[in-house]
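**Student:** Below is the sequence, then the predicted model.
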Amino acid sequence: MPNVTLEIPSVLRRYSAGEASLRVEAATAAEALERVFDVYSDLRSRVLDAGGRVFPYLLFFHNGREVRRDALAETVLSEGDVVEMIGAAEGGAHDDVRMRGFRTRVSVEEALAVAVDGLARLPAEDVAVTESALRVLAADVVSDVDVPPFRRAAMDGYAVRAEDTFGATLYNPVRLTLCGESMPGGPAASAVPAGGACRIMTGAAVPAGADAVLPAERAREGEGVVDVIDAIPPGKHVARVGEDVDRGTTLLRSGRRLRPQDVGLLASVGCSPVSVVRRPRVRVLVTGNEILPPGSRPDGNCIVDSNSPMLAALVARDGGGELEVVRLADDRAAIRGALAIEGADVILTSGGTSVGREDYMPLLVGELGDLTVHGIAMRPAAPTGIGRIGAARVFLLPGNPVSCLSAYDFFAGPCIRTLAGLPEEWPYGAVELPLAGRIASQLGRCDYVRVTIGEGGVIPLATKGASILTSVTRADGFVVVPSASEGLPEGGAVVVHLFDGWSLGGA
Ligand code: AMP
Ligand code: MG
């Protein structure tokens, strides 16, 4: 007889001593139920009516595939199979919303509060300075050295005492005695005496006694002598110790996303390793039987996954680290397994978030953790969900690409940036311009309106059409119509968030 698992919905767990599942030996789904009733006898009257028929408020799944409730006796089980019983009734985190629609939708503001609730930036880790570009500093960097650490020549020529050159002209040169040579990285040349000139190259140490570097073109070198044809003032072409960086200077502040030049500066003061904020580890679960991997061509009734490449780029922009993309069919057991894997700071799911028959995501997040938000008063992206599984924040992003993008930008982006030590706010620049056409909106719903900027101002492109990815590629940016607004009048000033030229400031 096969060993199988029967899962009990949360609404019925008070009849199963709180147990969420039970392993039993059974050949069919109906038999598995009987074995469970053997252990928890109170369950029977909650699952079967007086005539032995399953109550209509329960749904059954065999290894992720739905089974009609009158077909349990014909559902033959094999070793290791899973039979799930799900409460279609209201109440509890495991409430099955499928095919019922959303009862309530939370506001964008409430959903954002949930997305970043209790978050702080991740702990610090050390990376080699050569790996530190675009990372976020976890601590202020104070230099413990001077740069340069020695008096350095800024020209090729001769280290001299400036006063020895006074009065020199092309027609009345001053003759100095060649007294040595100082090369970059070489040993210190001996001190320059009065009337002496030491041959020197850019980057070499200026010998004691000298207080200026006479550029080669202002001198003519002969046998053991240097004729100066132009005077120079003291200090000329000599970089003082600490000219660039004085020891003890705070160079860069904690929270700074390191620019290429910052990395150069850190290297110049010998700062390595660099203490940076650990980057959030993000796992993307792409679901859909109709989805082909990026790199494929659309084929038959299948489309190519546009969401995961887009999400990968967004996560990189927002300071995310290692990104793992897992591709899954609309298969309950497979999705459950992938959601249960630990190690990610953030899980982004694509597809299956709504109230369709194959939309397992909300149920599974509720089962494995908490689904705090499901259904948001916005368009597009209403079927977005937000929750947690273990230590991971989970964002259920709708499959439609525009919804996926806006749900990411509204909720997942702020979470990832906060973990990464970056500002929570949108990285998009913003401009305020008059609206060239009216935007209609429903009271109580926040709209994400794609717009272009033209001669006459801001031109609305689209509010609807969550599947039309070209609406965001043709757009220059987007306007957010808040839920308290019924629309925006033509000619009114609106803020456009610009897709191009984003920046992640920080300290
Ligand atoms: P779903 O959220 O699974 O109900 O999917 C909504 C729509 O988005 C369907 O037309 C899907 O085919 C489409 N879709 C789902 N996932 C993706 C994806 N990764 N890339 C592009 N389109 C998708
Ligand atoms: Mg789907």
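**Tutor:** Sure, I can see it. Numbers count the residues shown, from 1 in each chain. Ligands and ions are numbered 1, 2, ... in the order given.
**Student:** Give the rounded mean pLDDT of stretch 377-395.
**Tutor:** Across stretch 377-395, pLDDT averages out at 96.
**Student:** Distance across it, terminal residue to terminal residue?
**Tutor:** 16 Å (C-alpha to C-alpha, to the nearest Å).
**Student:** buried set for it?
**Tutor:** By neighbour count with 16 or more other C-beta atoms under 10 Å, stretch 377-395 contains the buried residues 377-389, 392-395. Quick note: C-beta positions are derived from backbone N, CA and C, even for glycine.
**Student:** The helix-or-strand element of the chain with minimal mean pLDDT packs against which elements?
**Tutor:** In the chain, the helix or strand scored least confidently by mean pLDDT, DSSP states H and E is strand 65-67, which has a mean of 80. Where contact means 3 or more C-beta pairs under 8 Å, 6 or more residues apart in numbering; DSSP states H and E, strand 65-67 is packed against strand 58-62.
**Student:** Direction included, what does the strand it packs on pair against?
**Tutor:** Strand 58-62 sits in its sheet next to strand 65-67 (antiparallel), strand 82-87 (antiparallel), going by DSSP bridges.
**Student:** Would you tell me what the next helix or strand after the longest one is?
**Tutor:** Beyond strand 82-87 in the direction of the C-terminus, DSSP states H and E gives the next helix or strand as helix 108-116.
**Student:** Around the closest residue to ligand 1 within the chain, how many other residues sit close by?
**Tutor:** The minimum distance from the chain to ligand 1, using C-beta to the nearest ligand atom, falls at residue 399 (2.4 Å). The number of residues packed near residue 399 is 26, by other C-beta atoms under 10 Å.
**Student:** residues contacting the nearest residue to it once chain neighbours are set aside?
**Tutor:** What sits nearest to residue 399 in space, not counting adjacent residues and going by C-beta to C-beta, 6 or more residues apart in numbering, is residue 351, at 3.4 Å. With contacts taken as C-beta atoms under 8 Å, 6 or more residues apart in numbering, residue 351 has the following neighbours: 286-288, 291, 307, 330, 361, 398-399.
**Student:** Take those and keep only those in helices.
**Tutor:** Among the contacts of residue 351, the residues falling in helices (DSSP state H) are 307, 361.
**Student:** In a helix, residue 30, correct?
**Tutor:** Yes: the assignment for residue 30 by DSSP: H, G, I helix; E, B strand; the rest coil puts it in a helix.
**Student:** per-residue confidence at it?
**Tutor:** At residue 30, the pLDDT value in this model is 94.
**Student:** quick one, what contacts it?
**Tutor:** Residues in contact with residue 30, defined by C-beta under 8 Å, 6+ apart, are 72-73, 75.
**Student:** and the closest residue to residue 291 other than its chain neighbours, how many neighbours?
**Tutor:** For residue 291, the nearest residue in space outside its immediate sequence neighbours is residue 305; the separation is 4.8 Å by C-beta to C-beta, 6+ apart. Around residue 305 there are 26 other residues, counting by other C-beta under 10 Å.
**Student:** ok, the nearest residue to residue 408 once chain neighbours are set aside - contacts?
**Tutor:** Taking C-beta to C-beta, 6+ apart as the measure, residue 408 lies nearest to residue 314, with 5.5 Å between them; neighbours along the chain are not counted. Residue 314 makes contact with 405, 408-409, 412-413 under the criterion C-beta under 8 Å, 6+ apart.
**Student:** Also residue 8?
**Tutor:** Taking C-beta under 8 Å, 6+ apart as the test, what residue 8 contacts is 16, 19-22, 36, 43, 85.
**Student:** quick one: which of the residues you listed sit in strands?
**Tutor:** The strands in this structure, assigned by DSSP state E, contain 21-22, 85 from the contacts of residue 8.
**Student:** all helices for this protein, in order.
**Tutor:** With helices called from DSSP H, the chain shows them at 29-39, 44-47, 108-116, 260-268, 307-317, 332-340, 361-368, 401-407, 413-420, 470-473.
**Student:** Next, see if the fifth one gets close to ligand 2.
**Tutor:** No: with C-beta under 5 Å from the ion as the criterion, ligand 2 is not reached by helix 307-317; the gap is at least 11.0 Å.
**Student:** How about that helix, which residues are buried there?
**Tutor:** Neighbour counts over helix 307-317 (16+ other C-beta under 10 Å) mark 307-308, 310-312, 314-315, 317 as buried.
**Student:** just the fourth one next, same as before
**Tutor:** In terms of neighbour count (16+ other C-beta under 10 Å), helix 260-268 has its buried residues at 262-263, 265-266, 268.
**Student:** And for the second one?
**Tutor:** By neighbour count with 16+ other C-beta under 10 Å, helix 44-47 contains the buried residues 46-47.
**Student:** And the first one, by the same measure?
**Tutor:** Taking 16+ other C-beta under 10 Å as the neighbour-count basis, helix 29-39 is seen to contain the buried residues 29-33, 35-37.
**Student:** So which bits of this structure are right by ligand 2?
**Tutor:** Going by C-beta under 5 Å from the ion, the residues of the chain near ligand 2 are 288, 351-352, 399.
**Student:** thinking again about what came up before, next up, the contacts around the residue of the chain closest to ligand 1.
**Tutor:** Contact criterion C-beta under 8 Å, 6+ apart gives 287-288, 307, 350-353 as the residues in contact with residue 399.
**Student:** Could I get the pLDDT score of it?
**Tutor:** In this prediction, residue 399 carries a pLDDT score of 97.
**Student:** Number the residues from 12 up from this point.
**Tutor:** Fine by me, first position is 12 from now on; the one you just mentioned is residue 410.
**Student:** what's the distance between the nearest residue to residue 219 once chain neighbours are set aside and ligand 2?
**Tutor:** In this structure, residue 219 finds its nearest non-sequential neighbour in residue 202, 4.0 Å apart by C-beta to C-beta, 6+ apart. Look at residue 202 and ligand 2: by C-beta to the ion, to the nearest Å, they are 80 Å apart.
**Student:** what's residue 202 in contact with, if anything?
**Tutor:** If you count contacts by C-beta under 8 Å, 6+ apart, residue 202 has them with 218-220.
**Student:** Which one (most neighbours) among these?
**Tutor:** Taking other C-beta under 10 Å to define a neighbour, the member of the contacts of residue 202 with the most is residue 218, carrying 21 neighbours.
**Student:** Hmm, that one is touching residue 208, no?
**Tutor:** No: under the criterion of C-beta atoms under 8 Å, residue 218 makes no contact with residue 208, lying 10.6 Å away.
**Student:** can you list residues touching both of the two?
**Tutor:** residue 170.
**Student:** what's the neighbour count on the residue of the stretch 162-311 of the chain found nearest ligand 2?
**Tutor:** Taking C-beta to the ion as the measure, the stretch 162-311 of the chain has residue 299 as its residue closest to ligand 2, at 4.3 Å. Counted by other C-beta under 10 Å, the residues lying close to residue 299 total 19.
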